[in-house]
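Novice: starting from these lines, generate the structure:
(2 chains)
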Amino acid sequence: MLRYTLRRLLVMIPSLLGIVVVTFILTRVLPGDPALMITGEQALPEFVEQVRKEYGFDQPLIVQFGSYMKQLVQGDFGYAWHTGHAVLDDLATRFPATVELTLASMAIALLVALPIGVLAASRKDSMLDHTARVLSLIGSSVPIFWLGLLMISLFYASLGWLPAPIGRISGGIHPPTHTTGLYVVDSLLSWDMTALKNSIAHLIMPALCLSMGTMAVVMRMIRTSMLDVTEQDYMRTARAKGLSERKIVFKHGLVNAFIPALTMIGLQFGSLLGGAVITETIFAWPGVGNYVTESILAADYAPIQAMTLISAVLYGLINLAVELIYGVLDPRVRYE
Amino acid sequence: MNNTTKRGFPLVWQRLLRNRMALIGLLLVMIWIVLAIAAPFITKYPPNEIRLEHKLLPPSADHWFGTDNFGRDLFSRIVYGGQVTVWTGFVSIGIAFMIGVPLGAIAGYFGGVVSNVIMRIMDTLLAFPSLILAMAIAASIGPGLIGALIAVGIVAIPEFARLMYGQTIVIKEKEYIEASRAIGVKHLSILRGHIFINAFPPLLVQVTLGLGSAVLITSSLSFIGLGVKPPTAEWGSMISYGRDYIISGEWWMTLFPGLAIATTILGFNLLGDGLRDALDSRR
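Specialist: Sure thing, here's the model as predicted:
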């Protein structure tokens, strides 16, 4: 398995190169003058020219690509004008917030989707099944930026159940001691109950909002593969052996139904990353998604490129991880 | 699949109409298309007419969906916004179809190096989360409808290419293709006359589902400021206006455009699923 993992990582190199080419094309080849992007539309022509020279935008594309690659290999993602920091530093400060949000969303999505998907399949065409299908249809049709605003309107503005949708923790409360950067985990580690309660309260709305799409897809997928699994011989055998219904459904059914759903779950991380951009903007969540939107509004280019590149790499790694988990769940899978 | 194409369109149509969910989807999509086309005839106010004395009015008999912070009638803006949505959806998916399908067909039909090059490029595009790729493309073209259109189109290309590729490598092994080749039919005619025609049903499903995600991505781009420029009425940008008024209680500015987006996407999703079932010859 180690050899397989290494080989898969090696195979990723050409596709990484492809990803880098695409991000390069986005910066340099598409219409839009990168020098003008840096200086701003109002800059004096002389200044624009100077920036163009300084950054090598006047060089042939292939030379530019070479220096872009060199930069990337050195871990240099450029400089974010609107914050005044190196992009990599900005990303490092904001990354934990996005990780916390994404993991919480995935957890909520799975906690809701798995049991409902299983129950819907085991009671096919029942009221519960129909409700689950309608819910999953709605979940995959509702734009999250709209859902987020409706949640704010209901849970904050009307009912006042949750704190103002700004950031990860209320202004008057000290963030927990930094260990992982995930506030919920850190406040548990430092046993800071005030911070824990407050950061959970801040996390609920954005995480729920971001989880909807994934929840819908996973629920649907689990239901379908559960229905497929139910027809298998080993399920009949399990029944014939007189196992309890719960054991049949969960031990023999869900474990097998989960395998095809796993690929889907891996792919969902991609849409969670995209969704995080929108969700973080709405809830002023100080993560990388919000950073991307800020950069777009400031016409600051380097951060958008960096984020595009990093998300593609992350996406690839997550899907590799999913493939490896396959083998753990299904011993028949052999890595060769 | 062959079974369906033999018995043709009437059978598919009949199956589609028997599926309640698909029917709802078809109805939703038709409603929005008709509203968009009929916009000038069914609205009382021009969509961009600013009347500050009427700003932030709640829904009433006069303004069905209320007015926004500039006193513009939200019903007019939503109906006209439908034009933008329908137009961007069809154009961007049209772009994706026109580029992705030939690429997939060529890759699948000729194989070898060409296939490898084309499909690796498609894989690379698929390696990006779609919304993030669309944002990066739209940002580098610059904000505006054209940028959003191109971005959404490019993001959808690999899905069409991959689908067409998969269809082509299966269809090209059929005996009738071999027979056509043997009697000297040109490659282009085989691609057009046999392969495309036989791959059409799944492509149609992909177009329908693709339209749904095109609507979602376009409105998301507009919401974060990368889509249409003001004052053009567009659902995503209307919601971003409404965002500033959500806490002060002017919910209608957000609710109605969002319902428009959600029902359109739901319509395309239901219709796409229904089409897939109706075109499935195993049923």
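
Novice: okay, now the closest residue in space to residue A:220 that isn't next to it in sequence: neighbour count?
Specialist: Take residue A:220 and drop its neighbours on the chain: the residue closest to it by CB to CB, 6 or more residues apart in numbering or on different chains is residue A:136, 4.8 Å away. For glycine as for every other residue, the C-beta is placed from the backbone atoms N, C-alpha and C. Number of residues near residue A:136 (other CB atoms under 10 Å in any protein chain shown) recorded here: 23.

Novice: can you classify residue A:136 as helix, strand or coil?
Specialist: helix (DSSP: H, G, I helix; E, B strand; the rest coil).

Novice: who touches it in this structure?
Specialist: Applying CB atoms under 8 Å, 6 or more residues apart in numbering or on different chains, we find residue A:136 in contact with A:215, A:216, A:217, A:219, A:220.

Novice: toward the C-terminus, what is the element adjacent to whichever helix or strand the fourth one is part of?
Specialist: Following DSSP states H and E, one finds residue A:219 within helix A:193-230. For helix A:193-230, the succeeding helix or strand toward the C-terminus, using DSSP H and E, is helix A:233-240.

Novice: rewinding a little: looking at the contacts of residue A:136, which is nearest residue B:261?
Specialist: residue A:216 (15.7 Å; CB to CB).

Novice: so how far is residue A:190 from the residue of the stretch 51-200 of chain A found nearest chain B?
Specialist: Nearest to chain B, among the residues of the stretch 51-200 of chain A, is residue A:146, at 3.4 Å (CB to the nearest CB). Residue A:146 sits 37 Å away from residue A:190, going by CB to CB, to the nearest Å.

Novice: tell me how many other residues crowd the nearest residue to residue A:207 once chain neighbours are set aside.
Specialist: Nearest in space to residue A:207, with sequence neighbours left out and distances taken as CB to CB, 6+ apart, is residue A:104 at 3.8 Å. Using other CB under 10 Å, residue A:104 is surrounded by 20 other residues.

Novice: that's a helix at residue A:104, yeah?
Specialist: Yes: counting by three-state DSSP, residue A:104 is located in a helix.

Novice: give me the pLDDT for it.
Specialist: With respect to pLDDT, residue A:104 scores 96.

Novice: show me the contacts for it.
Specialist: Residue A:104 makes contact with A:184, A:203, A:207, A:211, according to CB under 8 Å, 6+ apart.

Novice: switch to 10 Å and redo it
Specialist: When contacts are counted by CB atoms under 10 Å, 6 or more residues apart in numbering or on different chains, residue A:104 is found next to A:182, A:184, A:200, A:203, A:204, A:206, A:207, A:208, A:210, A:211.

Novice: what is the neighbour count of the nearest residue in space to residue A:234 that is not next to it in sequence?
Specialist: Spatial nearest neighbour of residue A:234, excluding adjacent residues (CB to CB, 6+ apart): residue A:252 at 6.2 Å. Residue A:252: 19 surrounding residues under other CB under 10 Å.

Novice: test my guess that residue A:252 contacts residue A:237.
Specialist: Yes: at 8.8 Å, residue A:252 counts as touching residue A:237 under the criterion of CB atoms under 10 Å.

Novice: overlap in contacts of these two?
Specialist: residue A:243.

Novice: please, which helix or strand holds residue A:284?
Specialist: Per DSSP H and E: nothing holds residue A:284, as it lies in no helix or strand.

Novice: thought it was touching residue A:169?
Specialist: No: counting by CB under 10 Å, residue A:284 does not reach residue A:169; the two are 11.9 Å apart.

Novice: these two: who's more crowded?
Specialist: The residue with more neighbours, out of residue A:284 and residue A:169, is residue A:169; 20 against 13, by other CB under 10 Å.

Novice: state the pLDDT value of the residue nearest to residue B:168 when sequence neighbours are not counted.
Specialist: Nearest residue to residue B:168 in three dimensions, chain neighbours excluded: residue B:108, at 2.8 Å (CB to CB, 6+ apart). Looking at residue B:108, its pLDDT is 93.
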